[in-house]
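Novice: Got a predicted model here, sequence first, then my questions.
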Amino acid sequence: MSLRTSPIAPYYYRLLENWLLPVLKRTHANPNQLTLAGLALAAAVPAGFYFHSAIGFVLMGLSGVADSLDGVVAKNQGSDSRFGAFLDSTSDRVSDFFYLFGFWILFWDSTWFRVASALIFASTLLTVMISYVKAKVEALGGDCNTGLMERGWRTVYLLFWALFICILPPARPIILWVGLVLFFALTFLTVLQRIWQIRSSLID
């Protein structure tokens, strides 16, 4: 189930519309500007984690909010466009990379840094594959909405992972490793789920 169609989505988007949309109307920001702002914030996430995990967490959260707002503003302004959809999708993939890059930095002082690096890089590949499989299937006329870790839920997962690192410093090594292994397992499972779902629908 997509985060946008989940039971919590109406409350989240209502919060954006009631509190942030009026502010954005006064600034005359357009959806593409918000998409690029979210991307810029995502690019700052690794540096944020380098200085302090709380900074990385805040930057990631702001990036996610900006990414949500571009759709809200586009709907409000009636300014949906194919280029906007392309820019949003492309920036999401780049943001995913920067988010995971930020967590990779937290492993720099780990004894098992090489293992962590392998899992981070593999997880980055899997996040790209989750999106690629969906896009490819839709281009072939199929449909692919299954999977535990679609983009919205991945971002929520990473935010909670970062939050626990911030609020439980003594348990940081355990949280880092459990969070990474679980993220890798869930993204791997999601790729398999999507391939399994479309296997029968694309067989001639």
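Specialist: Sure thing, it's come through.
Novice: in the protein, which spans are helices?
Specialist: With DSSP state H applied, the chain shows helices at 9-15, 21-27, 31-51, 53-77, 82-106, 113-139, 151-167, 172-201, listed in chain order.
Novice: can I get those in a markdown table with mean neighbour count, mean pLDDT and distance to residue 3?
Specialist: From N, CA and C alone the C-beta is placed, and that goes for glycine too. Below are these laid out as a markdown table (neighbours: other Cβ atoms under 10 Å; pLDDT from 0 to 100; distance: least, Cβ to Cβ, whole Å):
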| stretch | mean neighbour count | mean pLDDT | distance to residue 3 |
| --- | --- | --- | --- |
| helix 9-15 | 13 | 88 | 6 |
| helix 21-27 | 11 | 86 | 19 |
| helix 31-51 | 20 | 97 | 16 |
| helix 53-77 | 20 | 93 | 10 |
| helix 82-106 | 18 | 95 | 13 |
| helix 113-139 | 16 | 94 | 13 |
| helix 151-167 | 19 | 96 | 3 |
| helix 172-201 | 16 | 92 | 13 |
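Novice: For residue 142, see how far away the residue sitting nearest the centre point of the chain is.
Specialist: For the chain, the residue lying nearest the average C-alpha position, counting by Cα atoms, centre = their mean, turns out to be residue 155 (3.6 Å). Going from residue 155 to residue 142 by Cβ to Cβ, to the nearest Å gives 25 Å.
Novice: And the contacts of stretch 176-185?
Specialist: With contacts defined as Cβ atoms under 8 Å, 6 or more residues apart in numbering, stretch 176-185 is touched by 103, 106-107, 110, 116, 119-120, 122-123, 126, 157-158, 161, 164-165.
Novice: 10 Å instead, please
Specialist: With contacts defined as Cβ atoms under 10 Å, 6 or more residues apart in numbering, stretch 176-185 is touched by 53, 100, 103-104, 106-107, 110, 112, 115-116, 118-120, 122-123, 126-127, 148-149, 154, 157-158, 160-162, 164-165, 171.
Novice: circling back to that earlier point, contacts only, for the residue nearest to the centre of the chain.
Specialist: 3, 60-61, 63-64, 67-68, 92, 95-96, 99, 149.
Novice: Need the residues you listed in a markdown table (columns: distance to residue 26).
Specialist: Shown next, in a markdown table, are the contacts of residue 155 (distance: Cβ to Cβ, whole Å):
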| residue | distance to residue 26 |
| --- | --- |
| 3 | 28 |
| 60 | 26 |
| 61 | 23 |
| 63 | 22 |
| 64 | 22 |
| 67 | 21 |
| 68 | 19 |
| 92 | 27 |
| 95 | 26 |
| 96 | 31 |
| 99 | 30 |
| 149 | 36 |
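Novice: now, which of the residues you listed sits nearest residue 195?
Specialist: For those, the residue nearest residue 195 by Cβ to Cβ is residue 149; the value is 14.0 Å.
Novice: My guess is that closest one contacts residue 157. True?
Specialist: Yes: using Cβ atoms under 10 Å, residue 149 makes contact with residue 157 at a distance of 7.1 Å.
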